[in-house]
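Undergrad: Using only what follows, build the 3D model:
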Amino acid sequence: MSSHHAADPAPAGRRFTLSRRVALAGTALAFTSLYLSAGVLTPLLVVYRQQWGFPPSLLTVAFAAYAAGFLAAVLTLGSLSDHLGRRPVLVAALVIQIAANLLFLVAPDVGWVIAGRIVQGVASGAATAAFTASLVELSPTGRKSLGAILGSVGLTGGLAVGSLVAGIAIQVTPSANTIIFGALLALTIAGAVVVALSPETVSRTPGAVRSMIPRIVIPASARKEFIAAAPVVAAVWMLAGLSGGLAPSLVRSVFHLDSGVLNGVAGFIAPAVSVITGFALARVGSRRAMTIGIVAAVLGSLGIIGGVFAASLPLMFIGQAIAGVAFGASFTAALSLIIPLVAPHQRAGVVAGIYVVSYTAFGVPIIIEGQLAGVIGDVPAVVGYTALTVLLAVISLFAQAGVRGRPTVTDPAVAAAGARTHSG
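TA: Modelled structure (predicted):
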């Protein structure tokens, strides 16, 4: 986040701007619309597969394509708003999101959905850091934590609510896709208008082109902590990919239940619990939260494996809920343990490294799982996938022993940085 803040760099009277209170509420809603749109695809992908009859391997590709677009955008465009201003970057990202929603609205086959997911990922990757920064900057003086809370809830809560609402719509109407993306188009257009009329919160500075060159650097001061956290970061993002990309499909293929609501619940549980966990552990020390997250990752994975093996959907849902605890605890703890160890000018390179670990784990393994499922079946492929998350979490548990004596830092700015990196 840039330090060159201003109430509104434009001279008074030059253009109409909304009050900061209205701008804050509207910006929060616009941000939430990005992740509502990402969340609704969780149960809708199952519907698309039923309609168009494509193989499970393409379903996982359609889900993971988001990660590719997000990672490419966040590594190149993530700092652009520090130089060009929040408003132009956010409006451009929302226009890209409108294009993604249009692709989903009129998609005749899964190829269009995959293209839409990539475009959707680009929009979210370009906007997430700028939105989070803007929410903090628009918040009243002395209540800057409000912006970080709105960012965190809007992001993870948007994923959860989007999945649940889409599942209900699928259950009650045959026109769910049209209704959902028609509503999201209206919401995103309204959000773009609000952002365009909001006060600018930073001044323009040179270096925009240079900021688009990805820098992935882990300084020596943070290297041990990064290496110790990386396996569990990968594990919890793999579990997030399972909840968003695999679980709704498993409701039908493994548990033989044809229910839009259950598909939506399958995508809702983990991000919803993650939001609650983030707030519940806000005052818990980062090292302790990391340990809680690692243990939860193991237990959540075992719960999912047990549910699939026993053909018990409630057990799988319990496993997903525990996996949500793992994400909410360990990912925020990883940021809190790593970022304070480096100088401010080094943080962009470190966050870029965390992005690469997170979104590679979010996208690549689930594509491989989709390919394997077509060869060995859904159950063995899911068991192998979740067994890998257990292994990664256990590696991190042992690695934590090597860094346990290091001091930890509690920094509200780090929590805000955590909100900028969540997705689904």
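Undergrad: and stretch 51-67, which residues are buried?
TA: Under the neighbour-count criterion of 16 or more other Cβ atoms under 10 Å, stretch 51-67 has 54, 56-67 buried. Every C-beta, even on glycine, is put in place using the N, C-alpha and C of the backbone.
Undergrad: So for those residues, which is the shakiest by pLDDT?
TA: Scanning these for pLDDT, the low point is residue 56. It has 83.
Undergrad: burial of residue 390, as a residue count?
TA: 17 (other Cβ atoms under 10 Å).
Undergrad: contacting residues around it?
TA: Each residue near residue 390 by Cβ atoms under 8 Å, 6 or more residues apart in numbering is listed here: 235, 297-298, 301-302.
Undergrad: Just name the closest of the residues you listed to residue 287, please.
TA: The closest of those to residue 287 turns out to be residue 297 (Cβ to Cβ; 15.8 Å).
Undergrad: from what I can see that closest one touches residue 239, true?
TA: Yes: counting by Cβ atoms under 8 Å, residue 239 is a contact partner of residue 297 at 6.7 Å.
Undergrad: How about the contacts made by the nearest residue to residue 66 once chain neighbours are set aside?
TA: Leaving aside its chain neighbours, residue 66 sits nearest to residue 121 (4.1 Å; criterion: Cβ to Cβ, 6 or more residues apart in numbering). Contacts for residue 121 (Cβ under 8 Å, 6+ apart) come out as 65-73.
Undergrad: Low-confidence ranges, the stretch 301-424 of the chain, go.
TA: For the stretch 301-424 of the chain, the stretches with pLDDT under 70 are 404-424.
Undergrad: just the helices in it please.
TA: Counting by DSSP state H, counting those that start in this stretch, the stretch 301-424 of the chain has helices at residues 313-326, 332-338, 347-376, 378-401, 412-421.
Undergrad: Might you calculate how far the second one sits from the centre of the chain?
TA: Offset of helix 332-338 from its chain centre (Cα atoms, centre = their mean, to the nearest Å): 16 Å.
Undergrad: mind saving the C-alpha coords of that helix as CSV?
TA: Extracted in CSV, the C-alpha atoms of helix 332-338 (Å, rounded to 0.1, in the frame of the first residue of the first chain):
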residue,chain,number,x,y,z
THR,A,332,-3.1,-15.3,8.1
ALA,A,333,-0.5,-16.5,10.6
ALA,A,334,1.9,-17.1,7.8
LEU,A,335,1.6,-13.5,6.6
SER,A,336,1.9,-12.3,10.2
LEU,A,337,5.1,-14.3,10.7
ILE,A,338,6.8,-13.6,7.4
